[in-house]
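Student: after the sequence you'll find the predicted model.
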Amino acid sequence: MTNTTSAVEADLYMPSDLPPQPGMDERGFWAFCAQKQLKFQRCGACGRHRHPPVPLCPVCQSDHLEWTEAPARATVYTYTIVHHAPHPSLLQRVPYNVAVLSFAGLDDVRLISNVVDVSAIDMAIGLEVELVWQGPVAGYWLPRFRRVGSTVSSTGSAS
Ligand SMILES: [Zn+2]
C-alpha cells in the first residue's frame, strides 16, 4: 500500500465508497461516532434508551433527550449473511454478515452493524461481541464489532 486511503480500505470490513449519510435525526449519533464515541439517546423524562435516534420519546413523547455511553459489549440479537452484492462495490465482499445487536440493560436499543472477524458459518445468535472502530470514512469512525477476546484491532489512524 502506498497511501493511507488504500491502507484503510484494505482493513475495512465494508468498502469506503458507501459512507454514512445521516439524516437530521441521526446527525447527533454520527457526530459522536466521528469522535469514536458510541452513544445512544436516553429520554430525559422517563429514562428509556432508544435507537435509532428520534426526536421524541416513543414511550412518553418527551423531547428532552440525553446521550449516554453505550456498553462496550453487545450480543448478536439476529443477523443475516448477504451472498448477493446489492451494490457493485460489494462484489468482492460477499458473503458478509449484517448483524442486529442488543445491549445488556438497554432493552429498546438495537444497532445494525457488522461482526468483522466471524465467517458466515461461525456467525450465531447470542454471540458475545465487543466494539471496534473502523475508518475513518468521510470523517466518520464506523462502529463495528468483533468476538469478545478477538485480536482484531481498530483500523485507521486518529489523524
Ligand atoms: Zn420518555
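Tutor: Cool, got the structure.
Student: which residues does residue 12 contact?
Tutor: Residue 12 makes contact with 134, 135, 137, 142, 155, according to CB atoms under 8 Å, 6 or more residues apart in numbering. The C-beta positions use only the backbone N, C-alpha and C, and glycine is treated the same way.
Student: you'd agree the fourth one is in a strand?
Tutor: Yep, that's residue 142 we're talking about. Yes: using DSSP: H, G, I helix; E, B strand; the rest coil, the secondary structure at residue 142 is a strand.
Student: any idea how many residues pack against it?
Tutor: The criterion is other CB atoms under 10 Å. On that basis, residue 142 has 25 neighbouring residues.
Student: so which residues on the chain come close to the ion?
Tutor: Taking CB under 5 Å from the ion as the test, the list of the chain residues beside the ion reads 43, 45, 46, 57, 59, 60, 62.
Student: which stretches of the protein form strands?
Tutor: Counting by DSSP state E, residue ranges of the strands within the chain are 39-43, 49-50, 65-69, 73-82, 96-103, 106-113, 128-137, 140-147.
Student: which other helices and strands does the third one contact?
Tutor: Counting contacts by 3 or more CB pairs under 8 Å, 6 or more residues apart in numbering; DSSP states H and E, strand 65-69 is packed against strand 39-43.
Student: roughly how far apart are the closest residue in space to residue 51 that isn't next to it in sequence and residue 102?
Tutor: The spatially closest residue to residue 51, leaving aside those adjacent along the chain, is residue 109, at 4.4 Å (CB to CB, 6 or more residues apart in numbering). Taking CB to CB, to the nearest Å as the measure, residue 109 falls 7 Å from residue 102.
Student: report the buried members of the residues of the chain next to the ion.
Tutor: Applying 16 or more other CB atoms under 10 Å to these, the neighbour count classes 43, 57 as buried.
Student: got TSV for the residues of the chain next to the ion, with distance to residue 114 and pLDDT too?
Tutor: As requested, the residues of the chain next to the ion are exported to TSV (distance: CB to CB, whole Å; pLDDT from 0 to 100):
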residue	distance to residue 114	pLDDT
43	28	97
45	34	98
46	32	97
57	29	97
59	29	95
60	33	98
62	33	98
